[in-house]
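In: from the sequence below, what's the structure:
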Amino acid sequence: MTDNTKFTEAYFDQLRKDLFFEADLAGQHLKFNTTWGLFSPKGIDDGTRLLLDFLDVREDEIALDLGCGYGPIGLTIARQAKEGFCTMVDKDFVAIEYAKKNAKLNNINNVDIYLSDGCNHLKQESFTLVVTNLPAKTSKEHYYLFFYDAFLRMKPGARIYVVVISGLRKFIAKAFSEIFGNHKKIKQGKTYTVAMATKEQP
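Out: Model (predicted):
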């Protein structure tokens, strides 16, 4: 152990404590407990903010938040969809633990939060809205599986919104066009781009 006096037991005990912050997201004021090791634990990341700023949520939405983390997207959607419901899934059990904490902290009950590797372990089978903050570091094959599995679980007329680093925007346009038959760029910022596609009526 280094002799740096900063690294005391008290210092590490402090690091183990939950982080806490509040945020205004799409007109909803929310509180969050987080911890080190989760994505963006000290505040809402710019990609999530951009996505929520341009997301169209209906009051009766049956929504899916894929890769929910500690819950900012799914909980915001649940607040907006007062007559609807939001399923929130993540493959990280710590993220799920904190998403559940944050649902309780904000008195949001129209959610179901559980472990799932993408869509592989979903309980709800059909959705009107699918939303995700896509990971930047994964393979294109993984993205295709992600989108196709979402497509299979979307009702006719359902929409999928994603936010991704802008360097991947052309790939997202191609993949959406191939899987959904359509693509719309909602907002391109300096760092992130929000895109959507619709599952067309048969």
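
In: surely Q188 and I165 touch.
Out: No. Using C-beta atoms under 8 Å, Q188 is not in contact with I165; the gap is 11.0 Å. For every residue, glycine as well, the C-beta is placed using N, CA and C.

In: next, the buried residues of the longest strand seen in the chain.
Out: Ranked by residue count, the top strand of the chain under DSSP state E comes out as strand 154-165. Neighbour-count burial for strand 154-165, with 16 or more other C-beta atoms under 10 Å as criterion, is recorded at M154, A158, R159, I160, Y161, V162, V163, V164.

In: can you check stretch 177-186 too?
Out: So stretch 177-186, judged by 16+ other C-beta under 10 Å, has buried residues I179, F180, H183, I186.

In: please enumerate the helices of this protein.
Out: 9-16, 46-53, 72-80, 93-105, 140-152, 169-180 (DSSP state H).

In: before we move on, back to that, got the buried residues of strand 154-165 as CSV, with distance to E97 columns?
Out: Shown next, in CSV, are those (distance: C-beta to C-beta, whole Å):
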residue, distance to E97
M154, 28
A158, 29
R159, 29
I160, 27
Y161, 26
V162, 25
V163, 24
V164, 26
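
In: thanks again, I'm all set now.
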